[in-house]
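*Asks:* need coordinates for the below:
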Amino acid sequence: MSFKHKVVWITGASSGIGKALAIELSKQEARLILSSRKKESLELVKAACKNPSQVKIITLDLEDFTSLQPKVDKAIACFGKVDILVNNGGISQRSLVKDTQISVDKRIMDINYLGTVALTKAILPHFIHNKNGQFVVTTSIVGKIGTPLRSSYAASKHALHGFFDSLRAEHFKDNITVTIVCPGFVNTNVSKNALTGNGTPQEKMDTATKNGIDPDYFAKLMVKVINKQKQEVNIAGAKEKLGVLTKRFFPKLLSKMIRKLSVT
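*Replies:* Down below sits the predicted model:
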């Protein structure tokens, strides 16, 4: 599959993985729709793309998940269709279960899960009508392995796996595909923006995140995965990939390993 003239809509496109993905896809002549809450940042990403005239901007807030249908209508109107929706927007967390207010759990689920599901449901009839479409979902290795300080984040990512596995099965006959991408640590601002127990941002970079995969390199790998329409792929370091395998074959051993992780 070539991305030339394909219309790709990316949420969370103002920074990190979304930004890098937009720039990489623009090199492959895709027509892009970029979304996040931050219009000024999206304009900078658009300017960095190879062909800015083929890039449109639609601001949206996934947390306001009851108002996304007009955004979908606007996105379809940009180029007359949408071929691929990359559900990349979201927010992380850094707090212990006992210290996390329920309002924080709710906000993370509203953004990461319900916002993504609402946007997906809003555009699904368009894909069904066209008998073609691809949902790409950025989840996380934590969507497979719950670790300390990320209970709400892990829950939201686990939920996405369940939802999109079901959607894939239901709409196979409509030529609609689902690609789930599970990143490990990627060097973005995700840990700086992560919510603490009272809902305020952590505002500091985790060491593991700082040492993570370069987002530009990650985007190159992700584009290949999207192009091949893979069902589910882990793009992560060796330790994270080993953790996934260990959970599958030696779950009790992984539990012991996770208990030793720092919770401070």
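
*Asks:* do a quick rundown of the helices in the stretch 51-200 of the chain.
*Replies:* With DSSP state H, counting those that start in this stretch applied, the stretch 51-200 of the chain shows helices at 69-79, 102-108, 116-130, 151-170, 190-193, listed in chain order.

*Asks:* now what about stretch 169-176, what contacts it?
*Replies:* For stretch 169-176, the surrounding residues in contact (C-beta atoms under 8 Å, 6 or more residues apart in numbering) are 124, 127, 128, 131, 132, 133, 134, 135, 167, 168. All C-beta atoms are positioned from the backbone trio N, CA, C, and that covers glycine.

*Asks:* give the contact list for the last one.
*Replies:* Spelled out, that is residue 168. So residue 168 contacts 176, 177, 178, 231 (C-beta under 8 Å, 6+ apart).

*Asks:* can you check the third one too?
*Replies:* Residues touching residue 128, when contacts are defined by C-beta under 8 Å, 6+ apart, comprise 171, 174, 176.

*Asks:* and the pLDDT for it?
*Replies:* For residue 128, the pLDDT comes out at 98.

*Asks:* please apply the same query to the first one.
*Replies:* According to the predicted model, the pLDDT of residue 124 comes to 98.

*Asks:* and if you look at the fourth one?
*Replies:* At residue 131, the model reports a pLDDT of 97.

*Asks:* skip the chain neighbours and tell me the closest residue to it.
*Replies:* residue 175 (5.0 Å; C-beta to C-beta, 6 or more residues apart in numbering).

*Asks:* what about that neighbour, neighbour count?
*Replies:* Neighbour count for residue 175, taken as other C-beta atoms under 10 Å: 13.

*Asks:* look up phi and psi at it.
*Replies:* Dihedral angles of residue 175 (phi, psi; degrees, to the nearest 10) stand at phi 60, psi 40.

*Asks:* now render the contacts of residue 128 as JSON lines, adding distance to residue 194, neighbour count and pLDDT.
*Replies:* Converted to JSON lines, those look like this (distance: C-beta to C-beta, whole Å; neighbours: other C-beta atoms under 10 Å; pLDDT from 0 to 100):
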{"residue": "171", "distance to residue 194": "33", "neighbour count": "17", "pLDDT": "98"}
{"residue": "174", "distance to residue 194": "36", "neighbour count": "15", "pLDDT": "98"}
{"residue": "176", "distance to residue 194": "32", "neighbour count": "19", "pLDDT": "98"}
